[in-house]
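> kindly return the folded structure for what I paste below:
(6 chains)
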4 protein chains.
Amino acid sequence: MTKYKSGEWTKQQIIDATFRLIADKGYDDMSIEDIMNEVGKTKGAFYSHFQSKEDLLYELMRTKLDRKFDEIAEKTLNKLKEEPCDVREILLQLLEMVYQGSTGSDPVWSATYYQFFLMSRKNPFIREWLQEQYREWESFMATVVRRGQELGQIRSDIEARVIGNLLIAAFQGYELRLIVDPKADLFEERKLVESFFR
Amino acid sequence: MTKYKSGEWTKQQIIDATFRLIADKGYDDMSIEDIMNEVGKTKGAFYSHFQSKEDLLYELMRTKLDRKFDEIAEKTLNKLKEEPCDVREILLQLLEMVYQGSTGSDPVWSATYYQFFLMSRKNPFIREWLQEQYREWESFMATVVRRGQELGQIRSDIEARVIGNLLIAAFQGYELRLIVDPKADLFEERKLVESFFR
Amino acid sequence: MTKYKSGEWTKQQIIDATFRLIADKGYDDMSIEDIMNEVGKTKGAFYSHFQSKEDLLYELMRTKLDRKFDEIAEKTLNKLKEEPCDVREILLQLLEMVYQGSTGSDPVWSATYYQFFLMSRKNPFIREWLQEQYREWESFMATVVRRGQELGQIRSDIEARVIGNLLIAAFQGYELRLIVDPKADLFEERKLVESFFR
Amino acid sequence: MTKYKSGEWTKQQIIDATFRLIADKGYDDMSIEDIMNEVGKTKGAFYSHFQSKEDLLYELMRTKLDRKFDEIAEKTLNKLKEEPCDVREILLQLLEMVYQGSTGSDPVWSATYYQFFLMSRKNPFIREWLQEQYREWESFMATVVRRGQELGQIRSDIEARVIGNLLIAAFQGYELRLIVDPKADLFEERKLVESFFR
DNA sequence: GATGAATGAGAGTTCATTCAT
DNA sequence: AATGAATGAACTCTCATTCAT
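Numbers count the residues shown, from 1 in each chain, chains lettered A, B, ... in the order given. I've put the predicted structure just below:
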């Protein structure tokens, strides 16, 4: 069907290389040449696939980060429908999925992700994208917590949305800590989740 | 009136300007020229006070960020000694101090702070400094929580250190969110703190 | 309806697009991609029709500019044979033909034409082509003026060739001015022509 | 007085080198590196003196071209006040001054000058500057011609301004021709000027 | 302590051109 | 005849840094 599939292939390779590099060096310190050295093509070839360095960033957001949320959300919501349903266990698995990048459990995801936080200060497009991400996570987490409350597994004296937001904030806070100290123990986080159960 | 001797005056001005700029544009996008334009001196003068751009960063850490923690910790620990002692109220005030930058309540502090997280990936010096910061906060927060437990104001079935870490993580998670959406409501966070009390 | 056979069709489209673009942006600022965007084909297709960007330029010279002179010269010389013959009127009409580009009276022709003047400095081929153009115009204009002198409509105390060269120079000088100020009044030019008549 | 005069010196050298190069290669084909190679400094040094390549162009206009007109105008108007006053001779000398660049009589001036005509199509700043130049020349030439008419040396049946404009146009037309054929004889032009005298 | 000039490495980007398909 | 991918050289511009004054 596709006459020139090598094009899409290269494009994907660029995105993958960028994903690695952005986590490793940061957006600003990663040059087009760095990327293309990893890909094994020349700098000029980059511009056959992307209009600019910024354009690449947006492509990365769409194909890597957006997709990740969708994937996690879908898996989790499916689990919620199963019987019997252990919401506490589901949350712990959710945690695992968030923290594990495609390359394993090193904090590649986090570092890449937090690049966007900083860029959001000067780039309105990224800012809105992140706000949208927050809205999606908020809504998704509230759904999970509400299910836990319905099943009597999570305390019901606090709004589901509030607990959800707390979980998001704490998760992100821990992720941040992992950037600084990748060997930090995840034991705390399990405790955290437990503390909201009966 | 002059807080610093004439030599130190310019140096301090550079640090202050950097603090503003690093939050505004980020470390990489902030040039020595930008800084010195704010200060009102020429680029060359910068090197009369600092050996390099990196050197400036370390100065900033020492004179601005370290000092902030010390200040907050001291004030809080003093309050803990008072009678009667409302740990819940003290935690809320702590929150205020953390979130309020020198210029008010805009997320200047946060943005500056998170620059260091990213730089920590490639700069071992910064990484160690941040790890040390975490250790200090962990210990400090555990002290505060333990006091609350002693007074029966905080649930005792969870280790003080674990609750402390949760608070730190959640605080940072919320701070992160404020970068993206500066108008986000802080009401949730109060709820969060309350949820650990009897 | 199709003036050119299917193969030549694209080639002609390229030349037409180039003609528009070279006037609009200039030779250097007009890229092959610009041209092919106008044509609606991809960059690579360009090289099915031309060997290089320079080659295109030569084609343009031959098919657009040369042809224009031939056309104008033929029409004018025919009018000179008519009876009665008003050389003054013929010169004014000549002026109109020179100034009117294919798209109307905007200074497209001029701008394109003057591109060649500049390129002539580094390109001997273009230089010789322009010198040849001058020779043709010089000879042609001398013929027109001589006819006017024979009919007693133009002063005879100055050589026909000299007056012809003056007219060419002045015409080009005015054309140049139109590049800068497209709304400049052409009234002067008519006066100019008249001034050589009795 | 000036602590760092080498700065002004370098700046002038850049302008001079540019003046040569722009005539030789044209604005677009002349790179910053070309210029600085001539000057004998590195590329980066360029930006200590000019903000951009465009900025250099404006500086060139102001310091080279504007100044040239002022100089010519002043000299000519002074001659007009002398007694006896041969306007015809003055015009011929004016011609010489216009055509002779600083480096002799090669068509450096012309080529540089005509660069601006082309650039005027896309650069409004240059366009306005050229329009202003035209206004100044028009007014100046009209003054010269009017003086000739007063002295009975130039025919009075045509408006001074119209004759002036003709002279400007013809001069520029001849200049243009010199770009293409630098060895073209200037004899015609003298004839041209004479043709308006009694 | 401060200045202005200069350096040199490297950034993002453009573009004429080639070529397998 | 046309495509899309790739090349490689060139370009403008940035910036941390050095240094004589």
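> who's in contact with the residue nearest the centre of chain A?
In chain A, the residue lying closest to the centroid (CA atoms, centre = their mean) is residue A:65, at 5.4 Å. By CB atoms under 8 Å, 6 or more residues apart in numbering or on different chains, residue A:65 lies in contact with A:112, A:113, A:116, A:133. In this view, the C-beta of every residue, glycine as well, is placed from N, C-alpha and C.
> so which of those are in helices?
A:112, A:113, A:116, A:133 (DSSP state H).
> the first one and DNA strand E, how far apart?
It refers to residue A:112. Look at residue A:112 and DNA strand E: by CB to the nearest atom of the strand, to the nearest Å, they are 16 Å apart.
> now do that residue, the pLDDT please.
You'll see residue A:112 listed with a pLDDT of 81.
> up against DNA strand E, what does chain A have?
A:3, A:30-34, A:43-44, A:46-47, A:51-54 (CB under 7 Å from any atom of the strand).
> follow-up on the earlier one: tell me the one of the contacts of residue A:65 nearest chain C?
Distance to chain C across those (CB to the nearest CB) is lowest for residue A:116, with 32.0 Å.
> quick one: contacts for the closest one?
Residues near residue A:116 by CB under 8 Å, 6+ apart: A:61, A:65, A:126, A:129, A:130.
> how about a cut-off of 10 Å?
Residues near residue A:116 by CB atoms under 10 Å, 6 or more residues apart in numbering or on different chains: A:22, A:27, A:57, A:60-61, A:65, A:123, A:126-127, A:129-130, A:133, B:180.
> check residue A:163 too.
Listed by CB under 10 Å, 6+ apart, the contact partners of residue A:163 are A:141-142, A:144-146, A:148-149, A:154-156, A:196, B:188, B:191-192, B:195.
> which of those come close to DNA strand F?
Applying CB under 7 Å from any atom of the strand to these, one finds that nothing falls near DNA strand F.
> now, of those residues, which are buried?
Buried residues within these, counting neighbours by 16 or more other CB atoms under 10 Å in any protein chain shown: A:141, A:142, A:144, A:145, A:146, A:148, A:149, A:154, A:196, B:188, B:192, B:195.
> per-residue confidence at residue A:26?
On the pLDDT scale, residue A:26 is placed at 85.
> next one: the closest residue to it other than its chain neighbours from residue D:62, what distance?
Spatial nearest neighbour of residue A:26, excluding adjacent residues (CB to CB, 6 or more residues apart in numbering or on different chains): residue B:118 at 5.6 Å. For residue B:118, the distance to residue D:62 equals 46 Å [CB to CB, to the nearest Å].
> between the two, tell me which one has more neighbours.
Neighbours were counted for residue B:118 and for residue D:62 using other CB atoms under 10 Å in any protein chain shown; residue B:118 has more, 25 against 12.
> residue ranges with poor pLDDT in chain A?
Within chain A, the stretches with pLDDT under 70 are A:1-4, A:100-108, A:186, A:189-190, A:196-198.
> residues from it in reach of chain D?
Not one residue of chain A sits near chain D, judged by CB under 10 Å from any CB of the partner chain.
> cross the residues of chain A next to DNA strand E against helices and list the overlap.
A:32, A:33, A:34, A:43, A:44, A:46, A:53, A:54.
> any of those buried? List them.
A:32, A:34, A:46.
> near DNA strand F, from those?
Applying CB under 7 Å from any atom of the strand to these, none is adjacent to DNA strand F.
> in contact with residue A:146, which residues are there?
Each residue near residue A:146 by CB under 10 Å, 6+ apart is listed here: A:80, A:87, A:154, A:156, A:159, A:160, A:161, A:163, A:164.
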